[in-house]
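Asks: The following comprises the amino acid sequence and a computationally predicted model.
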Amino acid sequence: LAKTTQPISMDSYEGQEVNITCSHNNIATNDYITWYQQFPSQGPRFIIQGYKTKVTNEVASLFIPADRKSSTLSLPRVSLSDTAVYYCLVGGAGTTGGGNKLTFGTGTQLKVEL
Amino acid sequence: GAVVSQHPSRVICKSGTSVKIECRSLDFQATTMFWYRQFPKQSLMLMATSNEGSKATYEQGVEKDKFLINHASLTLSTLTVTSAHPEDSSFYICSARHTGELFFGEGSRLTVL
């Protein structure tokens, strides 16, 4: 399983764009990159998933360079409610079921202030 | 979207007793579910993979006799913490995959006195 490295914490202000980068040098060919958000005392919530290039949904964008050894989660115009821990995970082919387990790294504690 | 639900959300028990936590996939069938444990200010640690109709697969260092996992149906997996001790106090989270996405339960906070 590919190991991930993220900054432990980041601080931002409301309305700013936040970019969280994750390193995954040992990513395998069939690994997807998935980001989750976790609030205290809650289970993680899916944010976005990608394999290469760029993926965008209603809440975030995910940028993946050609070598796929890193990825960047971009949160546009954050608000106080975006204060949470963000986890980058790699592994488990995105469209298959079965036992593809995902291992969590340390995550990034994002703190958004006024 | 798909929902994974856990019960109870909070449980307090005395040392030496056993506690059962349920994980249900509410609108999809899950042949595989995953159980995680999370201590305060730490990341989620995968404990075991629950397989419907067969034995669970435990991660290294996780005592299978202490953390009993049963996956008797396609929508229910249970984790039983046997002979609980204060050091077992933690946040337990289950998850299941549906259409490529991993959905997590709300978590169950166990406090052992």
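Replies: In hand now; what should we look at? Numbers count the residues shown, from 1 in each chain, chains lettered A, B, ... in the order given.
Asks: for chain A, what are the nearby residues on chain B?
Replies: Applying CB under 8 Å from any CB of the partner chain, we find that chain B lies next to chain A at B:4, B:6, B:31-32, B:34, B:36, B:43-46, B:49, B:51, B:57, B:91, B:93, B:95, B:97-107, B:109. Heads up, the C-betas are built off the backbone N, CA and C, glycines and all.
Asks: let's see it at 6 Å
Replies: For chain B, the residues in contact with chain A (CB under 6 Å from any CB of the partner chain) are B:32, B:34, B:43-44, B:46, B:49, B:93, B:97, B:100-101, B:104-107.
Asks: ok, what's across the strand from residue 19?
Replies: If you meant another chain, say so; for now it's chain A. residue A:74 (DSSP bridges).
Asks: was after chain B, sorry
Replies: Beta-bridge pairing of residue B:19 under DSSP bridges involves residue B:81.
Asks: List the contacts of the residue nearest the centre of chain A.
Replies: The centroid of chain A falls nearest to residue A:35 when counting by CA atoms, centre = their mean (2.9 Å). By CB atoms under 6 Å, 6 or more residues apart in numbering or on different chains, the contact set of residue A:35 is A:47, A:48, A:73, A:88.
Asks: Do you know the pLDDT at it?
Replies: With respect to pLDDT, residue A:35 has a value of 94.
Asks: Okay, and it sits in which element?
Replies: Per DSSP states H and E, residue A:35 falls inside strand A:32-38.
Asks: Nearest to chain A: which residue in chain B?
Replies: Distances between chain B and chain A by CB to the nearest CB are smallest at residue B:104, namely 3.4 Å.
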